[in-house]
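Asker: Predicted coordinates and the sequence they were generated for:
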Amino acid sequence: MNKVLKGNYHKEKRSKLVVTHENHQYYAMNEVVIMTNKPAKMLHFEIQVDGETIEEVRADGLIISTPSGSTAYAMSAGGPIVDPKLGGFIIIPICPYKLGARPFIVSDNSEITVKLLKKGKSAVFVMDGQINEEASYLEEIKFKKAEKDVYFIRTSSKYFYEKVKDKLGEGGLSKQQGCL
């Protein structure tokens, strides 16, 4: 707090998602995960960006991520690491049953629409691991940039790339444990 009071801080602007489903709105800072509510079952999705179908895919799920969330579940699912200063959203199929299904990065000025195409199947969509909702056959889940951004106060001299480098070293054996 002393650093902030002395003016030794940096202000970072981050975008967040507004998620619309069946006349309800939700917000997500990092990501929204859409997955089956029955283990070991696939979902069939149609994904549109600004009204244009970019992909129809069967997969275990789908992640819609902000740049802030790109180093979390999105990265683990094969998505790119995206600098949070960029204006965009990432669409990542989870274990797609289609070799050509790849992650997309789209403008944060776009509207993303995901529709469930398999009759009799429902999905759960989870915002930032906190809020769970259910969607059914032919229901649409819409994603767009929230009108208001979120601001973070950073007092550390480390910025995004150094933090990512540190994070990518986690989970493995370190040099101090006798490994090269």
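Answerer: Good, I have the coordinates.

Asker: where in the protein is pLDDT low?
Answerer: With pLDDT under 70 as the threshold, the chain has low-confidence stretches at 157-158, 170-180.

Asker: Strands of that one, start to end?
Answerer: Listed in chain order, the strands found in the chain under DSSP state E are 10-14, 17-21, 24-28, 31-36, 43-49, 52-65, 88-96, 104-107, 112-116, 123-127, 131-135, 140-145, 150-154.

Asker: Could I get these in TSV, plus columns for mean neighbour count and distance to residue 71?
Answerer: Yep, even glycine has a C-beta here, placed from its N, CA and C like the rest. Conversion of the strands of the chain to TSV gives the following (neighbours: other C-beta atoms under 10 Å; distance: least, C-beta to C-beta, whole Å):
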stretch	mean neighbour count	distance to residue 71
strand 10-14	12	13
strand 17-21	19	16
strand 24-28	15	15
strand 31-36	23	11
strand 43-49	20	22
strand 52-65	19	9
strand 88-96	22	11
strand 104-107	16	14
strand 112-116	21	20
strand 123-127	20	18
strand 131-135	15	21
strand 140-145	19	19
strand 150-154	12	14
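
Asker: which one of those lies closest to residue 4?
Answerer: Closest approach to residue 4 among the strands of the chain is made by strand 150-154 (6.2 Å; C-beta to C-beta).

Asker: For the closest one, which helices and strands make contact with it?
Answerer: Packing partners of strand 150-154 (3 or more C-beta pairs under 8 Å, 6 or more residues apart in numbering; DSSP states H and E): strand 10-14.

Asker: Output the contacting helices and strands for the strand it packs on.
Answerer: strand 150-154.

Asker: pull the longest helix from the protein.
Answerer: Ranked by residue count under DSSP state H, the longest helix found in the chain is helix 160-169.

Asker: Would you mind giving the orientation angle of that helix with respect to strand 150-154?
Answerer: Our comparison of helix 160-169 with strand 150-154, counting by axes from the mean of the first three to the mean of the last three C-alpha atoms, to 10 degrees, yields an angle of 80 degrees.

Asker: In helix 160-169, which residues are buried?
Answerer: By neighbour count on 16 or more other C-beta atoms under 10 Å, the buried set for helix 160-169 is 160, 164.

Asker: roughly how far out does it sit from the chain middle?
Answerer: Averaged C-alpha coordinates place helix 160-169 at 18 Å from its chain's average position (C-alpha atoms, centre = their mean, to the nearest Å).

Asker: hmm, who's touching that helix?
Answerer: Contact partners of helix 160-169, identified using C-beta atoms under 8 Å, 6 or more residues apart in numbering, comprise 71, 81, 83, 84, 85, 158.
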